[in-house]
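*Asks:* Okay, here's the prediction I keep looking at, along with the sequence it came from:
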Amino acid sequence: MFRRISCVFGPLLLAACVPADEIDDPSATASQTPEAPLPPGATSESLPVGGARQVSEETDLFIFEYSYPQAAGEIVPLARWLDVRLDRERNALATRATQGQEEARDNGFPFNTYSDSTRWEVVANLPDWLSLSADLSSYTGGAHPNYGFDTIVWDKQRNIALEPIAFFTSPAALDRALGEQLCEALNRERERRRGRPVEEHSNDPFDSCVKPDETNLLLGSTDGALFNRIGIQIAPYLAGPYAEGSYEFTFPVTAELLQTVREEYRGAFAARN
């Protein structure tokens, strides 16, 4: 299952960080991805592929934006995969906005235009892999917009999408290798933003450590040949209140971390001194 890591702050002022958009089995090929309803007269095979794509649509109900880069569009199965998600997200937004407008009318309060934005970018483009991240933003009538992240790694040889966590033997093993560094970096940044250190043994969930698999995990590279760094993106409400914003960190692949990579993927990684 693929997870979009985001945090929700709805009209009832109830906040939660949730995994969403559980779409596909990571072993499925792009052609096995469940189809979403497409525009009239269109099929996934007729959608444009071969380069970057940017879609922007504005109606009385919603504003929808979706884009992906040239490197993704040049891989036809990946472009199809992203296009199916594009249509699914656009149609879901239209449905939510229609329901929101009806609820607003029935309850006698103004309807605010909904929005949804997804912007895919390249993290690393290796000979056999394309690592992508997405910035997500949405508004559904709450106190403020919500935002979060998404990520996949495309296997160019098998034409399948994988979650970065699938490259490691287990979430627990990755946490043992990276969790302490992440917690220390997070607490340093919390202290900088808050103007005070994190209280030791605090019961405040916004003072707690965050495990790598609870974040948006990115596989990056400094040389374009092998994965040698790990990116961490933490959406609002997971490590701090909305006002603190998101947290982002980058760590080198160490010899210890390399040992947590699954054997079949270890050749795609290199430790950095």
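*Replies:* It's in. Remember, it's a predicted structure, so these values are computed and weren't measured experimentally. Numbering: from 1, shown residues only.
*Asks:* got a list of what residue 187 touches?
*Replies:* For residue 187, the contacting residues are 197-198, by C-beta atoms under 8 Å, 6 or more residues apart in numbering. In short, each C-beta sits where N, CA and C put it, glycine included.
*Asks:* you'd agree it is in a helix?
*Replies:* Yes: counting by DSSP: H, G, I helix; E, B strand; the rest coil, residue 187 is part of a helix.
*Asks:* Name the SS class of residue 127, please.
*Replies:* Assigned by three-state DSSP, the conformation of residue 127 is coil.
*Asks:* quick one: it and residue 227 touch, right?
*Replies:* No: Residue 127 lies out of contact with residue 227 (C-beta atoms under 8 Å); the separation is 11.7 Å.
*Asks:* Which of the two has more residues huddled nearby?
*Replies:* residue 227 (26 against 11; other C-beta atoms under 10 Å).
*Asks:* Mind pulling the model confidence for that one?
*Replies:* Listed pLDDT for residue 227 reads 98.
*Asks:* next one: the one 3 residues further on
*Replies:* At residue 230, the model reports a pLDDT of 98.
*Asks:* For the chain, just list every one of the helices.
*Replies:* Secondary structure of the chain, counting by DSSP state H: helices at 70-73, 76-107, 171-194, 255-258.
*Asks:* wait, which of those helices is closest to residue 143?
*Replies:* helix 76-107 (14.8 Å; C-beta to C-beta).
*Asks:* The closest one: which residues count as buried?
*Replies:* By neighbour count on 16 or more other C-beta atoms under 10 Å, the buried set for helix 76-107 is 77-90, 93-94, 96-97, 100-101.
*Asks:* now stretch 175-184
*Replies:* In stretch 175-184, the ones that count as buried by 16+ other C-beta under 10 Å are 175, 177-179, 181-183.
*Asks:* Return the distance of that stretch from the chain's centre.
*Replies:* Put simply, stretch 175-184 sits 20 Å off its chain's centre (C-alpha atoms, centre = their mean, to the nearest Å).
*Asks:* Take the buried residues of stretch 175-184 and write them to TSV, including distance to residue 245 and pLDDT.
*Replies:* Shown next, in TSV, are those (distance: C-beta to C-beta, whole Å; pLDDT from 0 to 100):
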residue	distance to residue 245	pLDDT
175	24	97
177	27	97
178	22	97
179	22	97
181	21	97
182	17	98
183	19	97
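*Asks:* Tell me the one of the residues you listed nearest residue 236?
*Replies:* residue 182 (17.1 Å).
*Asks:* who's in contact with the closest one?
*Replies:* 209-212, 215, 232, 249, 251.
*Asks:* cool, and residue 90?
*Replies:* The contact partners of residue 90, by C-beta under 8 Å, 6+ apart, come to 55, 57, 64, 66, 116.
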